[in-house]
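> Build the 3D model from these lines:
(chains A and B)
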Number of protein chains: 2
Amino acid sequence: MKIGILGTGIVGSTIGSKLVELGHEVKMGSRSRNNEKAIEWVKSVGSDRATQGNFAEATSFGELIFNCTSGANSLEALRQAGGVNLQGKILIDVANPLDFSKGMPPTLSVCNTDSLGEQIQREFPQTKVVKALNTMNCKIMVNPRLVRGEHDVFLCGNDFEAKTRVTGILKNWFGWTEVIDLGDISAAKGMEMVLPLWLSLLGKYQNPNFNFKIARGF
Amino acid sequence: MKIGILGTGIVGSTIGSKLVELGHEVKMGSRSRNNEKAIEWVKSVGSDRATQGNFAEATSFGELIFNCTSGANSLEALRQAGGVNLQGKILIDVANPLDFSKGMPPTLSVCNTDSLGEQIQREFPQTKVVKALNTMNCKIMVNPRLVRGEHDVFLCGNDFEAKTRVTGILKNWFGWTEVIDLGDISAAKGMEMVLPLWLSLLGKYQNPNFNFKIARGF
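Coordinates of the predicted model:
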């Protein structure tokens, strides 16, 4: 499948590399056509299935899009990607609206009454936004076996068929066994608001190889 | 031990009943001395170790205090309890700052840059506030075996010895095996901000018998 990855950070490059490894064609998108980190990623992957371009080119290329930009820049990146290029496509929104401007630990630039996932869905109503994978380190996103035992990935979104397809991607491509559908895109609030707890746990463990599991008595 | 429980709702009565069952003397505090729900609780427990009074009486009575008031009312309840009565004591803050005024699901009345736990600690600096137990249904708080397998209770606070004592209470009185210390009281932000995710899960499962587990790869 042709996939567009928006964002050149560790999340985008980790997911992009995994997708190329799985045989997909991946175009990494960034603000400018010749972003150094994107060029470096293409080189490091060393496959003609890995290419790079600007946000619009990567989005136009992909049948499926991953938003791996930093949350503070996501809406602007998606505007550059272009509503026409995003139209009708599934956008897997992995981003967290972390605001580092007030020092560490970061706060959220949107929360409680709104979320980044909802903002994206509102601004791009013709796009099937599925929030997923934002509650863990990126190495775990594509390799859940880095964490022992059962643990969960959450998703939410307004389009049921899109969520079914993303569930399949998470299970069949990335190896997840537990995918918890939290409902429509409004559940992105809860998914993004676990970040402060995640950051406390990272501070405690000094190791990002952990994830949430919902233990049940029923 | 003599314990004060602030709040007459399901959380206060569940914890209070468990503590009486364990042999402790419990005074349930509420706004007025003869609160109907508190009187009902005392009757239902049917032990002379269960009594009721106003917030100040329950707090003066207790060597240890549980804040089980609704988050919207916690600060006012603690003011009525009185800084002098709270002085030097451990206050286990179980409350969540849920705001139901804008409809369902509730939002948080404080989050992101502050938390209820921190507000309480700031207003009562002579009290050892330990945030704990707020991330699960109250039946699970005092009976973790309602949920299968391993799962976790978080706590945070500024006083190390108070946290050690609360950890002992959680383990020895309530039966917890996994108590995760998240650090100082600023971690109350993360503990309170998981509530929206918890509410999404409650909506999905229509059953409150679930809890968070931190699965690890190290």
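> From here on, just use CA atoms for contacts and neighbour counts.
Fine.
> What segments of chain A are helices?
Applying DSSP state H to chain A gives helices spanning A:10-21, A:36-45, A:55-61, A:71-81, A:83-86, A:116-123, A:138-141, A:160-168, A:188-193, A:195-205.
> so how far is the fourth one off the chain centroid?
Meaning helix A:71-81. In terms of C-alpha atoms, centre = their mean, to the nearest Å, the centre of helix A:71-81 is set 13 Å apart from its chain centre.
> just checking, what packs against it?
helix A:55-61, strand A:98-99, helix A:116-123 (3 or more C-alpha pairs under 8 Å, 6 or more residues apart in numbering or on different chains; DSSP states H and E).
> if we go to 7 Å?
helix A:55-61, strand A:98-99 (3 or more C-alpha pairs under 7 Å, 6 or more residues apart in numbering or on different chains; DSSP states H and E).
> In space, what's closest to the residue most central in space within chain A - neighbours in sequence excluded?
Centroid-nearest residue in chain A: A:V94, 2.0 Å away (criterion: C-alpha atoms, centre = their mean). Excluding the flanking residues, the one nearest A:V94 by C-alpha to C-alpha, 6 or more residues apart in numbering or on different chains is A:N134, at 4.7 Å.
> Tell me the spacing between the one you found and B:F124.
According to C-alpha to C-alpha, to the nearest Å, A:N134 and B:F124 sit 36 Å apart.
> Please identify which of these two sits among more neighbours.
Counted by other C-alpha atoms under 10 Å in any protein chain shown, A:N134 and B:F124 do not tie: A:N134 has more neighbours, with 23 against 20.
> Next up, the contacts around the more buried one.
Contact partners of A:N134, counting by C-alpha atoms under 7 Å, 6 or more residues apart in numbering or on different chains, are A:V94, A:A95, A:N96.
> mind putting the residues you listed in CSV, distance to B:A187 and pLDDT included?
Converted to CSV, the contacts of A:N134 look like this (distance: C-alpha to C-alpha, whole Å; pLDDT from 0 to 100):
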residue, distance to B:A187, pLDDT
A:V94, 24, 98
A:A95, 22, 98
A:N96, 19, 98
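> now A:K128: how far from A:G149?
To A:G149, A:K128 is 32 Å away according to C-alpha to C-alpha.
> Those two: which is more packed in?
Between A:K128 and A:G149, A:K128 has the larger neighbour count (other C-alpha under 10 Å), namely 25 against 11.
> A:L195: how many residues sit nearby?
Neighbour number of A:L195 under other C-alpha under 10 Å is 23.
> An error on my part: the question was meant for A:K2.
Counted with other C-alpha under 10 Å, A:K2 comes out at 19.
> Then A:K18?
Residues lying near A:K18 (other C-alpha under 10 Å) number 19.
> Many thanks, I have nothing further to ask.
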